[in-house]
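Peer 1: Next one to model:
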Amino acid sequence: MDSSTPLKVSIFTSFFAALSHILSASLQTWLVGSVKVDMDNAGLHYYCTEDFGLFRTAIVSGSQCPTSYSGEDTIKAVCGDNKNPNSNDCDLVRTGQAMVILSSIFSIVTFLLVTYQYYRRKKDLTFSKLKVIITWLTILAGLCSVVSISIFEVRSHDEDSGWADNYGCSTGTISILFSLQGTQCFQRGAAYIFCCVGLTFSLSLGVVNCVVGREFFNKEAERYGSFYTNLEETV
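Peer 2: Residues are numbered from 1 along each chain as shown. Predicted structure coming up:
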């Protein structure tokens, strides 16, 4: 195997780790996807969700929704005027949001450093400190992704009954339609998917870094071994 192959794989994995985390952080739905609203008024049941399979966007005014409900994204629904004042959903969403952003930053810096490392290697220059920094950035990016996903999974544990079913439900007054009682439920969405994909690439990059590190130390050992052998022969 070519000695530069692990570094090429590192560039590939770090790029897609960064891209996945950027997509996860840039989506309006963030980690929790969208919010489902069930409203029961005078025996009328409303189920209001824009459903694209695994990729959910935002609540809209659909055929099963009251016409006066125009829809909203996750942040507005959980942290805006319609939030349930007795829940900490907003804090959880904001924390998950922050973790995905941090993971994106770590992943971007990792990709840039891995690319830099590859081209410096072309000039036969090795930086062991750079390898350590890349490894730590990979670990931090992975940890942030795990924390962000864990926040969602812990919050939704009691409600988890299927991939696209209800998650993290909290019942309270929804300040629309004359303050009807309703239930807001988190659902996995596109941002959640991309966060999981980014975590997978981060873990893969960690494995590749171990291979690169092992090759580096083996070559260093060979280099110093040859140096001492030549020195003994000279003496």
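Peer 1: Could you use CA atoms for every contact and neighbour count after this?
Peer 2: Fine.
Peer 1: got the buried residues for the helix or strand residue 98 falls within?
Peer 2: Taking DSSP states H and E as the definition, one finds residue 98 inside helix 89-121. The neighbour-count criterion (16 or more other Cα atoms under 10 Å) identifies 89-90, 92-94, 96-97, 99-115, 117-118 as the buried residues of helix 89-121.
Peer 1: Tell me the helices and strands packed up against it.
Peer 2: When contacts are defined as 3 or more Cα pairs under 8 Å, 6 or more residues apart in numbering; DSSP states H and E, helix 89-121 sits against helix 5-26, helix 74-79, helix 128-155.
Peer 1: In TSV, list those helices along with mean pLDDT.
Peer 2: As requested, the helices and strands packed on helix 89-121 are arranged in TSV below (pLDDT from 0 to 100):
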stretch	mean pLDDT
helix 5-26	76
helix 74-79	57
helix 128-155	74
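Peer 1: and residue 205, which of the ones you listed is closest to it?
Peer 2: Go through the helices and strands packed on helix 89-121 one by one with Cα to Cα and the one that ends up closest to residue 205 is helix 5-26, at 5.7 Å.
Peer 1: what helices or strands is the closest one leaning on?
Peer 2: Identification of packing neighbours for helix 5-26 by 3+ Cα pairs under 8 Å, 6+ apart yields helix 89-121, helix 190-234.
Peer 1: Now do the shortest one and helix 128-155, the angle between them.
Peer 2: The one in question is helix 89-121. With axes from the mean of the first three to the mean of the last three Cα atoms, to 10 degrees applied, the angle from helix 89-121 to helix 128-155 works out at 160 degrees.
Peer 1: tell me the mean pLDDT over helix 89-121?
Peer 2: The predicted model gives helix 89-121 an average pLDDT of 76.
Peer 1: Same check on the longest one?
Peer 2: Mean per-residue pLDDT for helix 190-234: 64.
Peer 1: thought residue 20 was touching residue 202?
Peer 2: No: with contacts counted by Cα atoms under 8 Å, residue 20 stays clear of residue 202, the gap being 10.1 Å.
Peer 1: who has more neighbours, the two?
Peer 2: Regarding residue 20 and residue 202, a neighbour count based on other Cα atoms under 10 Å identifies residue 202 as having more, with 31 against 24.
Peer 1: Report whether the expected contact of the more buried one with residue 14 is present.
Peer 2: Yes: with contact defined as Cα under 8 Å, residue 202 counts as touching residue 14 (6.9 Å).
Peer 1: Mutual contacts of those two, please.
Peer 2: Where contact means Cα atoms under 8 Å, 6 or more residues apart in numbering, the residues bridging residue 202 and residue 14 through contact with each are residue 107.
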